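> sequence and predicted structure below; questions after.
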Amino acid sequence: MSTFTTTYRLALACTFTSLLTWAGEVSLSPAAVAALELESSLARKPNIYLKLDLSERLLQIKARGVVLDQVVVKAVEAATRKPFYQPTEPFALQVPVILEVLQGPGDTDREVIAPPSLRPAKRRDEEEPTPSPVPQGPTPTPTPRPETPSRYRVELTPSKAAADCPLLLWVTNDLPARSLWQRFRQAVKEGWGFVVRHEEVPQEPPGIVLVLDAEDARRVHHLFRQGMALLVTAAP
Amino acid sequence: MSLETNLRTAEVKPRKPLRLLWLLFPAGLVVLGVGSAMVLARFGNPLTLMPLVTVVDPQLSQIPTNALKSRATKAHGMLERVRPQGMYIVVDTYRNRLRLVENGKVVREALCSTGTGIVLIDPRNKKKWVFDTPLGERIIERKQKNPVWMKPDWAFIEEGEEPPPPGSPDRVDPYSLGDYGLYMGDGYIIHGTLFKSLLGRRVTHGCIRLGDEDLEYLYHNVPIGTRVYLY
C-alpha cells in the first residue's frame, strides 16, 4: 500500500473517529464546541486551512471539514527572546484560536525570472509548415530548484492569546538546544554587540515551535502563505 | 649559616611577590572576564525555549450545557453541509499526486505535474505572473476533447519573445494540452502533456498535467461540477 493511501486512510479514520465521538456526545466540552464552531466558520470558505491539534500532536491540512492530509508533530514548545536573568515561565496560549499567516515561506522563497528584453516573436509562417506534434530531440530538463528548507519561520496575525502581540510559528526538524550555557553565550555576544558596536539587540515576538520530520516540514512549507488560516486546538 | 645558604636566601626572597603576581594575574583576568561577561549578558536578549501551555477562555465554561449542545449541533450541521459528497479530486502539489476519491475511498491515484512557483516579470511593464497551482477548492467547469491552447502573453515572455496581438494564429497551440482538458476556471486546466518524463515534478505554469491513461480515465469518469481540492 502506498504512503498516500495509508495517510489518506489514517486521515479518514481520524475524521470518522471524531464524528463518532461527537455523535456519542462525549466531547461536549466548551473548548471542543468552540473549536467546532471555529472550524465550521473556516469550512464555509473554499480555502485550504490548517488545523493544529496540540493534544493529538497533529497538523492537518483540511478543506470543507475534510482532512486532505496530515503530518505528525514530534514536539511543541514555545520560544521567545528574553533577558538572560529573567526567570523562564511557561508560555500560555489561549485555545481554540484561529491564527492567520501574515507572511510565510510560501510567499518569499521563490525563484524570479525577468528577461532583460524581448525579441520579436517568430511568426508561424516562418516555421516549418507542418509542425510535428511529438517534440524532437531530448526532453527539456527543468532548472534544478533549490531544495525546500525544513526550517523556517511564519509570521502570524496578532492574537488575543499572545497579549495582542504578533506570534511566530517556527517549523523545524529538530528542537534547537537552548541550554543555560548557550543562552549565556548568546546573551554575552548580543551584549557585546550592543555595548561595543552599538548594534540593536534583536527583538522578536514569541513563537510556537513545531518540530516535524524534515520531509514533513518541507511538505507543508508552501502552504504557509499570506492568508492561510491556522486553527489551533487542544481537545480535552 | 654558610655563605652559600645566605646567597640562596638572598636570591629567593625578592621572587616571592612576583610568583604571587603570576598567580593573581590570570585569576584576576578570569574574574574580570567572567564579570564583564555577566554584565554584558544583561544587555542580551537570547532565545529561550519554554513549555507551551494551553488555556481555555474562562467565559466558555460559563455556557450552559443545553446551549453548548445546540451550538455543537449547529456547527456540526454546518460542517456536514459543506463536506463534499460523492466524488472529488485531491491534488497534492508538493508530492505531485492526484487522487480521485469516491465515497471516502481513493479509486484512482496518479502522478501529475503542478506549478513551479516561479515568478515571471515582464521587462516592458513589470507585470508579474506567479506560476502557482492555486490552493483551495475549485470545480470542474467543463470538459473538452482535443483542447486547443491559446497561448497567453507569459508563454512568449518566458521565451524572451514579444507576445503577438490577441487572437493571432501564432497563439494557437493544438498539441500541448494532450487529448483531453478538464477546465477548473481562471485558465487552470487538468490536461495531458508531451513531456511524460516530467510527471511527478513541479514544472507547469499552474495547470495540472497528467499521463494519457489517467487523463482519459478522469475525462470519462469525473462529471462536470466535481470539486477539486488543491493543497
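Structure's in. What do you need?
> please see if stretch B:110-125 touches chain A.
Yes. Contact between stretch B:110-125 and chain A, assessed by Cβ under 8 Å from any Cβ of the partner chain, occurs at B:116, B:117, B:118, B:119, B:120, B:121, B:123, B:124. Where C-beta positions appear, they are placed from N, C-alpha and C, glycine not excepted.
> buried residues, that stretch. List them.
By neighbour count on 16 or more other Cβ atoms under 10 Å in any protein chain shown, the buried set for stretch B:110-125 is B:110, B:111, B:112, B:113, B:114, B:115, B:116, B:117, B:118, B:120, B:122.
> also stretch A:93-109?
Quick answer for stretch A:93-109 (16+ other Cβ under 10 Å): A:93-99, A:101-102, A:104-107.
> give the burial count for residue B:229, as a bare number.
As a burial measure, residue B:229 scores 25 neighbours (other Cβ atoms under 10 Å in any protein chain shown).
> OK, contacts around it?
A:48, A:63, A:64, A:66, A:68, B:84, B:88, B:89, B:90, B:91, B:136, B:137 (Cβ atoms under 8 Å, 6 or more residues apart in numbering or on different chains).
> for residue B:88, see how far away it is.
6 Å (Cβ to Cβ, to the nearest Å).
> remind me, longest strand of chain B?
strand B:105-115 (DSSP state E).
> got the contact list for it?
Under Cβ under 8 Å, 6+ apart, the answer for strand B:105-115 is A:2, A:4-5, A:8, B:91, B:93, B:96-101, B:131-133, B:193, B:198-211, B:214, B:217-218, B:221.
> buried among the residues you listed? Need that as a selection in PyMOL.
Remark: buried members of these, expressed as a PyMOL selection using 16+ other Cβ under 10 Å:
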select buried, (chain A and resi 4+8) or (chain B and resi 91+93+96+97+98+99+100+101+131+132+133+193+198+199+200+201+202+203+204+205+206+207+208+209+210+211+214+217+218)
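> mind listing which of the contacts of strand B:105-115 are in strands?
B:91, B:97, B:98, B:99, B:100, B:101, B:202, B:203, B:204, B:208, B:209, B:210.
> still on that earlier bit, highest neighbour count among the contacts of residue B:229?
residue A:63 (26 neighbours).
> contacts only, for the closest residue to residue B:94 other than its chain neighbours.
Nearest residue to residue B:94 in three dimensions, chain neighbours excluded: residue A:219, at 4.9 Å (Cβ to Cβ, 6 or more residues apart in numbering or on different chains). By Cβ under 8 Å, 6+ apart, residue A:219 lies in contact with A:69, A:71, B:94, B:95.
> could you say what helices and strands whichever strand or helix holds residue B:80 packs with?
Using DSSP states H and E, residue B:80 sits in helix B:65-82. Using 3 or more Cβ pairs under 8 Å, 6 or more residues apart in numbering or on different chains; DSSP states H and E, the elements in contact with helix B:65-82 are helix A:30-43.
> at the geometric centre of chain B, which residue do we find?
For chain B, residue B:94 is the residue whose C-alpha lies nearest the centre (Cα atoms, centre = their mean; 8.0 Å).
> how far away is it from residue A:217?
According to Cβ to Cβ, residue B:94 and residue A:217 sit 11 Å apart.
> remind me, longest helix of chain B?
When chain B is parsed with DSSP state H, its longest helix is helix B:16-43.
> now the ones in strands among the contacts of strand B:105-115 in CSV, with pLDDT and distance to residue B:169?
CSV is the format used below for those (pLDDT from 0 to 100; distance: Cβ to Cβ, whole Å):
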residue, pLDDT, distance to residue B:169
B:91, 97, 33
B:97, 97, 37
B:98, 98, 33
B:99, 97, 38
B:100, 97, 36
B:101, 97, 41
B:202, 92, 31
B:203, 94, 27
B:204, 95, 24
B:208, 97, 27
B:209, 97, 25
B:210, 97, 28
